[in-house]
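Peer 1: dropping the sequence and predicted coords here.
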Amino acid sequence: MREAVCGSIQRRGQRRRAPVPPAARCLFPLVIAGLFLGTQPAAAETLADVLVRTYQTNPQLNAERARQRGTDENVPQALSQYRPQITAGLSAGLIGVRNLLPEGDLQSARLKPWSVGLTVNQTLFNGFKTANTVRQAEAQVRSGRELLRSVEQSVLLDAVTVYANVLANQSLVEAMRANVGFLRETLNTTKRRLDAGDVTPTDQAQAEARLARGNADLNAAEVTLAVSQATFLQVIGSPPGRLAPPQPIDRLIPPNRSDAVALSYREHPTVLGATFDVDAAQLGISIAEAALAPTVSVQGNVQRSVQTDTQLGTSRTDSASIIGQANIPLYDGGLAASQVRQAKQVVSQSRLLLDRIRTQAETAAIAAFVTNEGMRTAITAADAEVRAATVALNGVQKEAQAGQRTTLDVLNAQQDLILARSRLIQAQKDRVIASYTLLAAIGRLDHKQLALNTPDYDPQVHYHQVRDAWHGLRTPSGQ
């Protein structure tokens, strides 16, 4: 049926000056059908599938989880200062003894001394340094969790971007291939008409030039597709297959700009992380001030020594002791005072950074919101342009059949439609990315908000596995 329609179009244009190539009239519906929002096979991979795989296997995200597990260990390290420090000692050797007694007698012996002992040290008071160190470590853990959430947002946004880029570039390549086919058929028709004397060599040169441009555009599109596929492999961990068209995430984004800014203040991980950094810095002042306070500790010791008396009067000594000790710092050369002043400057720096991060979050939220709204308008405009360019091409084709248009007019109209299609594909891709970028700007681009079908990696699991561990070298997985 399609061949019959195309053939009838060709026959009606045989006596006209610039008939439209039959392949061209049939290619455009095929190009339009395969573009960015076109239908995809049922087995195509969805964006949600890609995000699940990214959440589970992305090396950058897994590395950040390992970093956070390392940060968790700061808390048991700080808690260890509450607990006793127990050490055991063992020594052994050989001693040759030769003693000259007052009576003039000579006393000699070969000793095999050894000793074993156990010492227990317990800090009772250190100016609340241990308590503040624990609280500081906990603040660092909370800050690290927000950093992990920020990296998760970044990785998922990268996945969305490469997914949309590959799909858009695939559509652009198909559009450019159809364009090259159209131009090649146009050139062949022009050559035949030149041989028949219906057109001039200028028409052929115009068709050849346009075909050369089309081949260059196709090559550029294929290069861009290859780069985007390589980036997809880097971010996702596997090459792209058949991809289903993504949709904007409008259901999760705020309805207005003020709500977006308010959410970014409350929920963006960089803002929350900077807030915890201020808390940790504030506790650093108290930790530095602890050096000015007295310290109280107690030490217990039990020991057995055998053949250690070189006077040869005692063969074995057993001892036990418990000693309390208090140290009051009087002057340390100004070290502690300098450390306190330094800690106060760090607090000032952290607060200024928090203000800057809040401003950046506000700017990012506003920019993402207006960009997302702008992409809505861009899609509407691009869609209207495609419809108008399609109508214009049909009109130019009919006028060319009537001898009122030239080959160049048809080529220009077709080129306008291809450019309009390219802009529409780009706008559709940018619209998807802009919606996810806005979700990230308000701090909600994570696997829970997206309802991804994947086991949850909860950083609190590992934290509770190691927080109160008194011993052990096993590294929990945090699962």
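Peer 2: It's in. Predicted model only: the values in this text are computed from it and were never measured. Numbering: from 1, shown residues only.

Peer 1: return the list of helices and strands in contact with the helix or strand containing Ala274.
Peer 2: Taking DSSP states H and E as the criterion, Ala274 maps to helix 269-289. Secondary structure elements in contact with helix 269-289, counted by 3 or more CB pairs under 8 Å, 6 or more residues apart in numbering; DSSP states H and E, are helix 129-196, helix 335-401. Just so you know, the C-beta spots here come from the backbone N, C-alpha and C atoms, and that holds for glycine as well.

Peer 1: distance of the most far-flung residue of the chain relative to its centre relative to Leu330?
Peer 2: Centroid-distance maximum for the chain: Glu103 at 87.0 Å, with CA atoms, centre = their mean. Distance, Glu103 to Leu330, by CB to CB, to the nearest Å: 53 Å.

Peer 1: my read is that Val120 contacts Arg83, right?
Peer 2: No - using CB atoms under 8 Å, Val120 is not in contact with Arg83, being 10.6 Å away.

Peer 1: tell me which stretches of the stretch 201-350 of the chain form helices.
Peer 2: Remark: helices assigned in the stretch 201-350 of the chain by DSSP state H, counting those that start in this stretch are 201-236, 257-267, 269-289, 335-401.

Peer 1: now Glu289, nearest residue through space, not along the chain?
Peer 2: Among residues not flanking Glu289 along the chain, Val340 sits closest, at 5.6 Å (CB to CB, 6 or more residues apart in numbering).

Peer 1: just the pLDDT at that neighbour, thanks.
Peer 2: On pLDDT, Val340 comes in at 96.

Peer 1: that one: neighbouring residues, count only.
Peer 2: If you count neighbours by other CB atoms under 10 Å, Val340 ends up with 18.

Peer 1: now stretch 205-214: buried residues?
Peer 2: Buried residues in stretch 205-214, counted by 16 or more other CB atoms under 10 Å: Gln206, Ala207, Arg210, Leu211, Gly214.

Peer 1: ok, now stretch 346-353?
Peer 2: For stretch 346-353, burial by neighbour count (16+ other CB under 10 Å) applies to Val346, Val347, Ser350, Arg351.

Peer 1: any idea of the mean pLDDT for it?
Peer 2: Averaging pLDDT along stretch 346-353 yields 96.

Peer 1: ok, residues contacting that stretch?
Peer 2: With CB atoms under 8 Å, 6 or more residues apart in numbering as the test, stretch 346-353 has contacts from Ala274, Asp277, Val278, Ala280, Ala281, Gln282, Gly284, Ile285.

Peer 1: could you pull up the residues touching Ala280?
Peer 2: Shown in contact with Ala280 (CB under 8 Å, 6+ apart): Gln136, Ala139, Gln140, Ser143, Ser350.

Peer 1: distance of the closest residue to Thr371 other than its chain neighbours from Thr224?
Peer 2: Distances taken as CB to CB, 6+ apart put Ala434 closest to Thr371, at 4.9 Å, once the chain neighbours are dropped. Distance of Ala434 to Thr224, given as CB to CB: 20 Å.

Peer 1: which phi and psi does Thr46 have?
Peer 2: As for Thr46, its main-chain torsions (degrees, to the nearest 10) stand at phi -90, psi 170.

Peer 1: what is the neighbour count of the nearest residue to it once chain neighbours are set aside?
Peer 2: Once flanking residues are discounted, Thr46 sits nearest to Ala244: 4.7 Å by CB to CB, 6+ apart. When counting by other CB under 10 Å, one arrives at 19 neighbours for Ala244.

Peer 1: how far away is Ala244 from Lys398?
Peer 2: Distance, Ala244 to Lys398, by CB to CB: 37 Å.

Peer 1: equivalent analysis for Thr454, please.
Peer 2: With distances taken as CB to CB, Thr454 is found 55 Å from Lys398.

Peer 1: which residues touch the residue lying closest to Leu335 once chain neighbours are set aside?
Peer 2: Excluding its sequence neighbours, the residue lying closest to Leu335 (CB to CB, 6+ apart) is Ala291, at 7.5 Å. By CB under 8 Å, 6+ apart, the contact set of Ala291 is Gly127, Lys129, Pro329, Asp332, Leu335, Ala336, Gln339.

Peer 1: I'm done for today, thanks for sticking with me.
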